[in-house]
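Novice: Give the three-dimensional model of this entry:
(chains A, B, C and D)
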There are 4 protein chains.
Amino acid sequence: MQAVMTAEEMGAWLEQVFPQVKDDFVVEHVDGVNTVMRMMVQDRHLRPGGTVSGPSMFALADVSAYVATMAIIGKEALTVTTNCSLDFMRKPEAGKDLIAKTQLLKLGRTLSVSNVLIYSEDSEAPVARANMTYAIPPRKS
Amino acid sequence: MQAVMTAEEMGAWLEQVFPQVKDDFVVEHVDGVNTVMRMMVQDRHLRPGGTVSGPSMFALADVSAYVATMAIIGKEALTVTTNCSLDFMRKPEAGKDLIAKTQLLKLGRTLSVSNVLIYSEDSEAPVARANMTYAIPPRKS
Amino acid sequence: MQAVMTAEEMGAWLEQVFPQVKDDFVVEHVDGVNTVMRMMVQDRHLRPGGTVSGPSMFALADVSAYVATMAIIGKEALTVTTNCSLDFMRKPEAGKDLIAKTQLLKLGRTLSVSNVLIYSEDSEAPVARANMTYAIPPRKS
Amino acid sequence: MQAVMTAEEMGAWLEQVFPQVKDDFVVEHVDGVNTVMRMMVQDRHLRPGGTVSGPSMFALADVSAYVATMAIIGKEALTVTTNCSLDFMRKPEAGKDLIAKTQLLKLGRTLSVSNVLIYSEDSEAPVARANMTYAIPPRKS
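Specialist: Predicted coordinates for the structure are as follows:
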């Protein structure tokens, strides 16, 4: 599969469609298969004790799978998450950004399926794993 | 199973351990099996178009399963989410609160498992379904 | 939603499309929302120790969600499972059939979503919980 | 992490604890992180049309995660599956074995988490993805 948008174009698109989260995420890499997103962890993402909250990690996984899908099908606002499964495996390191590495496993006629691994920056053991399914509108061919 | 906390006690406990979300959630009902939580939907929970965001629905499911578990084991801050699966099935109605009805399916020695159905207030068809697993510290018996 | 097939018609249909499992499952109840299936547990479903195997419980959940969906849309062989999540919560009782109670949560244009609770017969605590998503062909309206 | 059993030792152990499936699976590779299992697809695994059945793919994912976990903790019969999520993405090719590539994401004190990708032999696009969580007995350290 071939990406139709660069990381820069994707970042600009995200700012436009999700203005409320534009200070949270950076699109670091996009190609037809792999996507890397950074979450700039801030106080509002934390739980007492310094752990990144579950909803914040969900948000990172969700936007990562969205970007992985958009990279192939192009700007398409009607795409919606239909299913996710998440495993929280380790406590994120305090004071570190989170890095999400996403592999697009399938892009079918109506569904996209992605696998996301989330890491504390510079760590090798993932803090969380997510699987995201998006429903996509039928594409013109 | 028998609840050891009332809805009021639970609400007070939530305000204490999750002060950042105390304006979002109300504990409406707690007993040994079923829990009802309300999410007071506000602008910060919305996506463009007026839909409640995925992370907000995740947060509602997560806190609901936490409350369902705490109701039985009592105040226990070390409980952590280990797994969730979520289906997003319908678009929430604009301008309505979300109501989460949670059934505690299992409370074992180290895991609790809950099933959560999320509704727009006054609607019969669920907007989302979640399954949450919490790891709980071994309890003194 | 309104069922278009009775439990008897559904049983006959299952025998025809899944002849290899017709000795395993009985359709006990079908209506537009709830479905009850029985798995007649036999030696080939067991693991050492007398526990019903995971694949057997998966098969029960899968056929239950299939039946719940077919009950509304009618005989439709092209329906396929796209996603499942399963929690195994308790050890099934030895020598008891399994009973699966399925609630159809959504029947959309292209997806059906079901929630399945599996019990050892005559027990109140579920041994497993499953969530099944089926892709269904677009229906004529 | 370091494997404490070879692929051959693991195959012998499987034959002993799961004699009923010993003709179905071959342990092809085991190390501390990655595991490769082959499912020798036979008529009894098929659905009408030649597709490998869902329960058969579940069984392959389940045994793969079991092997990935045993490779580190050693022979431990009390390990049980607690959760799985599965995405069925493509129809397996007729007449081909299935190959499961498993990555052990976490081996904690009480839980192991694995990610499994299942392929038709010689194909690059996965037919299914599974995430398996096993509860493991506390280990002596």
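
Novice: And the residue nearest the centre of chain A, how close does it get to residue B:111?
Specialist: For chain A, the residue nearest the mean C-alpha position is residue A:64 (1.3 Å; CA atoms, centre = their mean). Going from residue A:64 to residue B:111 by CB to CB, to the nearest Å gives 28 Å. For glycine as for every other residue, the C-beta is placed from the backbone atoms N, C-alpha and C.

Novice: Repeat that for residue A:91.
Specialist: To residue B:111, residue A:91 is 18 Å away according to CB to CB.

Novice: okay, the two: which has more neighbours?
Specialist: Under the criterion of other CB atoms under 10 Å in any protein chain shown, the comparison of residue A:91 against residue B:111 puts residue B:111 first, with 22 against 13.

Novice: right, and the more buried one touches residue B:134 too?
Specialist: Yes: assessed by CB atoms under 8 Å, residue B:111 is found in contact with residue B:134 at 6.9 Å.

Novice: Find residues that contact each of the two.
Specialist: residue B:82 (CB atoms under 8 Å, 6 or more residues apart in numbering or on different chains).

Novice: Next up, identify which helix or strand residue A:130 is on.
Specialist: strand A:128-135 (DSSP states H and E).

Novice: is that strand anywhere near chain B?
Specialist: No: shown here: strand A:128-135 not in contact with chain B (CB under 8 Å from any CB of the partner chain), separated by at least 8.8 Å.

Novice: Would you mind checking the average pLDDT for that strand?
Specialist: Averaging pLDDT along strand A:128-135 gives 96.

Novice: what packs against that strand?
Specialist: helix A:54-73, strand A:80-88, strand A:111-120, strand D:80-88, strand D:128-135 (3 or more CB pairs under 8 Å, 6 or more residues apart in numbering or on different chains; DSSP states H and E).

Novice: Run me through the strand neighbours of that strand, direction for each.
Specialist: Strand pairing for strand A:128-135, using DSSP bridges, gives strand A:80-88 (antiparallel), strand A:111-120 (antiparallel).

Novice: Contacts for it next, please.
Specialist: So strand A:128-135 is contacted by A:57-58, A:61-62, A:64-66, A:69, A:79-90, A:110-118, C:82-83, C:110-111, D:85, D:87, D:105, D:113, D:115, D:129, D:131 (CB under 8 Å, 6+ apart).

Novice: For stretch A:86-98, what does the pLDDT average out to?
Specialist: 93.

Novice: same deal with stretch A:25-34?
Specialist: 92.

Novice: Excluding covalently adjacent residues, which one is nearest to the residue in chain A that chain D sits nearest to?
Specialist: Per CB to the nearest CB, residue A:85 is where chain A lies closest to chain D, at 3.8 Å. Nearest residue to residue A:85, sequence neighbours excluded (CB to CB, 6 or more residues apart in numbering or on different chains): residue D:85, at 3.8 Å.

Novice: now do residue A:104
Specialist: residue A:68 (4.5 Å).

Novice: Next, find the distance separating the one you found from residue A:1.
Specialist: 10 Å.

Novice: helix, strand or coil for residue A:93?
Specialist: coil (DSSP: H, G, I helix; E, B strand; the rest coil).

Novice: That one and chain C, how far apart?
Specialist: Between residue A:93 and chain C the computed distance is 29 Å (CB to the nearest CB, to the nearest Å).

Novice: How about residue A:17?
Specialist: Where chain C is concerned, residue A:17 sits at a distance of 24 Å (CB to the nearest CB).

Novice: just residue A:138 next, same as before
Specialist: In terms of CB to the nearest CB, residue A:138 sits 10 Å off from chain C.

Novice: In contact with that residue, which residues are there?
Specialist: A:109, A:110.

Novice: Residues of chain A that sit close to chain D?
Specialist: Residues of chain A lying near chain D (CB under 8 Å from any CB): A:85, A:87, A:89-90, A:105-106, A:108, A:113, A:115, A:117, A:125-126, A:129, A:131, A:133.

Novice: Of those, keep whichever come out buried.
Specialist: A:85, A:87, A:89-90, A:105-106, A:113, A:115, A:117, A:126, A:129, A:131, A:133 (16 or more other CB atoms under 10 Å in any protein chain shown).

Novice: Among those, which pair sits farthest apart?
Specialist: Distances among those were taken as CB to CB; the most separated pair is A:90 and A:106, at 27.4 Å.

Novice: I'd guessed residue A:112 sits against residue A:83; true?
Specialist: No: using CB under 8 Å, residue A:112 is not in contact with residue A:83, being 11.2 Å away.

Novice: Which of the two has more residues huddled nearby?
Specialist: residue A:83 (27 against 23).

Novice: nearest residue to that one other than its sequence neighbours?
Specialist: residue A:133 (4.2 Å).
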